[in-house]
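J.: Structure for the following, please:
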Amino acid sequence: MSEKEKVMSWIDEHEQAIIEALQDIIKIPSVNPWFTDDQTITKEGEVQNYIASRLSKIGASINKWEPDPAKLAKFKDKPGYYADHKFENRPNLAATFKGTSDSGKSILLTGHIDVVKPGEGWTTPPFGGIRENNRIYGRGTVDMKGGVTAMIMAVEAIKRSGFNTKGDIIVGTVVDEEAGGMGTLDFIQQGYRADGCILTEPTGMNVAPLCRGILWGKIIIPGRSGHIEMPMGNWKTNGAVDAIDKAMIILENLKVLNKEWAVQKTHPLLPLPCQINVAQINAGEYPTSYANSAEIVFDAQYLPSEKDKNWLGGNVKQEIQEFIHQVAQLDPWLKENPPKIEWLIDADCGETSAEDPFVKCCENSLKQLAIDSKIEGTTCHTDMGWPINVGIPTINFGPGNSRAAHNSDEYLEVDELIKATKMIAMTIIDWCGISEE
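T.: Predicted structure coming up:
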């Protein structure tokens, strides 16, 4: 039996152990505190302790530390930096397996262990890790504890099968991805490097060498309140102005802009063009008063080719600001009382060439396992930007459909969990090289 056959057999024989590893970390609630004040469900540190314990038993050198925004202040204009984020009991983790030879290439396996809050509508316990109909249910099964489990267990499969790798393996689990990516910024700035990186975000088992950047913004439209049952009067002489009516002007023009973006902002590896998607509309104070102000909260995407000099979406921010300014010129009130944009999040993006040898290695792993897959970018943000910025060829690859992320009754198919574990193990063997212990 070949080395690969032994490792794949170990995975098949230990399917239950792999499932239980995922259930274990689902049962540790690790909601990013950006989403909640409930400290009973913000246990990122406990997930890291579990992972550290597991990997140290198979020979990893463990480094665990809490990111310090003060020490990262020099990156204040770069992706992932937020001066007000707190990291007490929220450590990053790096587990390193040193290779046996200089002839093997190194690999970084990375993913985030924070999740969003459960929300409403669950029919199973959100932190129960329940298995039902060959699915594992729970917050984070898809985004992205399933992928994290697969990469951990792929390494364990190689080690438990009696092999070392010629190249180094680094397993990096980070915090804070769900609120902007400061965990990965800190991880990379600690100096961790490799010849290739798999970020185990859910991709439906596709190899995704690209992700889009994401801008969250709030357009604040001024109005002037007045009794809604009375004539509005002339706004130039202190009459009422309905901010909702003015917001509708902007909304209608956003539709026009999105049609242009649908043609201009596309990528051959992406199934969707970039758009400005309206997520929230907030306006008004009383049923009997015209809205004094209105807010349009939006999510806009941008391509790696549109990044600014700081690897962020500054160019697209400017484009949107200029567009809102132009729309304001169409209305006398808005021209004199221009809307303002408050930027909330700028989550970066990245791209590795589909022809890169590491991408080809990952693609070949799936072919060897006869797993249906394709090369397709992911339409949402992932943490792949920083590894790429420092020269590490990086792909997103993981089990589960990203559309299931953040949903109630989030679940992962057991079959995909096992296949993803095999794919990552196969890539480690081919990329790093393997030797007997």
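
J.: What are the boundaries of the helices in the stretch 251-400 of the chain?
T.: Taking DSSP state H, counting those that start in this stretch to define them, one finds helices in the stretch 251-400 of the chain at 314-328, 332-336, 357-368, 385-389.

J.: quick one: contacts of the first one?
T.: Helix 314-328 is touched from outside by 213, 215, 217, 219, 249-250, 253, 257, 276, 300, 302, 306-308, 334-335, 338-339, 341, 343, 346, with contacts defined as CB atoms under 8 Å, 6 or more residues apart in numbering. In this view, the C-beta of every residue, glycine as well, is placed from N, C-alpha and C.

J.: domains for the chain, by residue range?
T.: Each structural domain of the chain that the record assigns through automatic domain parsing is listed here as a residue range: 3-211+349-436, 213-347.

J.: hey, which of those domains is tucked in deepest?
T.: Among these, ranked by average contacts under mean count of other CB atoms under 10 Å, first place goes to domain 3-211+349-436 (a mean of 20).

J.: Backbone dihedrals for Glu20, please?
T.: Dihedral pair for Glu20: phi -70, psi -30, per degrees, to the nearest 10.

J.: distance of it from Gly217?
T.: Here the distance between Glu20 and Gly217 works out to 43 Å (CB to CB, to the nearest Å).

J.: Cys361 contacts Trp431, doesn't it?
T.: Yes: proximity of Cys361 to Trp431 meets the contact threshold set by CB atoms under 8 Å, at 5.2 Å.

J.: Now do the shared contacts for those two.
T.: Common neighbours of Cys361 and Trp431, counting by CB under 8 Å, 6+ apart, are Gly196.

J.: which ones are touching Ile424?
T.: Applying CB under 8 Å, 6+ apart, we find Ile424 in contact with Leu109, Ala150, Met151, Ala154, Ile198, Thr200, Ser365, Phe397.

J.: Let's have these in TSV, adding secondary structure, pLDDT and distance to Phe163.
T.: Compiled in TSV, the contacts of Ile424 are given as follows (DSSP: H, G, I helix; E, B strand; the rest coil; pLDDT from 0 to 100; distance: CB to CB, whole Å):
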residue	secondary structure	pLDDT	distance to Phe163
Leu109	strand	98	16
Ala150	helix	98	18
Met151	helix	98	17
Ala154	helix	98	12
Ile198	strand	98	19
Thr200	coil	98	21
Ser365	helix	98	16
Phe397	coil	98	22
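
J.: For Glu46, state which of those residues is nearest.
T.: When the contacts of Ile424 are compared for distance to Glu46 (CB to CB), Met151 comes out closest, at 19.1 Å.

J.: Roughly how far does the closest residue to that closest one other than its chain neighbours sit from Ile428?
T.: In space, Met151 comes closest to Leu109 once its chain neighbours are excluded; the distance is 4.0 Å by CB to CB, 6 or more residues apart in numbering. In this view, Leu109 and Ile428 are 8 Å apart by CB to CB.

J.: Find residues that contact each of those two.
T.: Contact criterion CB under 8 Å, 6+ apart; residues shared by Leu109 and Ile428: Ala154, Val155, Ile169.

J.: Return the member of those residues nearest to Ala243.
T.: Within the set of the shared contacts of Leu109 and Ile428, Ala154 lies nearest Ala243; the separation is 53.9 Å, counting by CB to CB.

J.: ok, now how distant is that closest one from Glu20?
T.: As for Ala154, its distance to Glu20 is 16 Å (criterion: CB to CB).

J.: Now do the strands in the stretch 151-300 of the chain.
T.: Counting by DSSP state E, counting those that start in this stretch, the stretch 151-300 of the chain has these strands, from start to end: 163-165, 169-174, 197-199, 210-211, 213-222, 276-283, 293-302.

J.: The second one pairs with which strands?
T.: Translated: strand 169-174. Paired with strand 169-174 in the same sheet, following DSSP bridges, are strand 92-97 (antiparallel), strand 107-112 (parallel).

J.: so what pLDDT did the spatially most central residue of the chain get?
T.: The centre of the chain sits closest to Thr382, judged by CA atoms, centre = their mean, with a distance of 3.4 Å. Listed pLDDT for Thr382 reads 94.

J.: That one touches Glu201, doesn't it?
T.: Yes: counting by CB under 8 Å, Thr382 sits close enough to Glu201 to count as a contact (4.7 Å).

J.: Mind listing the shared neighbours of these two?
T.: In terms of CB under 8 Å, 6+ apart, Thr382 and Glu201 are both contacted by the residues Asn396.

J.: Which pLDDT value goes with Glu437?
T.: 64.

J.: Enumerate every residue touching the nearest residue to Leu330 once chain neighbours are set aside.
T.: Once its chain neighbours are removed from consideration, Leu330 has its nearest residue in Ile249; the separation is 6.8 Å (CB to CB, 6+ apart). For Ile249, the contacting residues are Val327, Leu330, Asp331, Leu334, taking CB under 8 Å, 6+ apart as the criterion.

J.: so what's the third one closest to, chain neighbours aside?
T.: Read it as Asp331. Ile249 (5.7 Å).

J.: Quickly note the distance from that neighbour to Leu369.
T.: When Ile249 is compared with Leu369 (using CB to CB), they lie 54 Å apart.

J.: Quote the end-to-end distance of stretch 174-194.
T.: Taking CA to CA, to the nearest Å as the measure, stretch 174-194 stretches 16 Å from start to finish.

J.: now stretch 34-41
T.: Taking CA to CA as the measure, stretch 34-41 stretches 12 Å from start to finish.

J.: What of stretch 345-355?
T.: The separation between the terminal residues of stretch 345-355, taken as CA to CA, is 31 Å.

J.: any idea of the mean pLDDT for it?
T.: In this model, stretch 345-355 has an average pLDDT of 95.

J.: Could you do stretch 167-174 as well?
T.: Rounded to a whole number, the mean pLDDT of stretch 167-174 is 98.

J.: Just checking the distance from it to the centre of its chain.
T.: Averaging C-alpha positions (CA atoms, centre = their mean, to the nearest Å) puts stretch 167-174 18 Å from its chain's average.

J.: So, low pLDDT: which residues of this protein?
T.: Within the chain, the ranges that satisfy pLDDT under 70 run 437.
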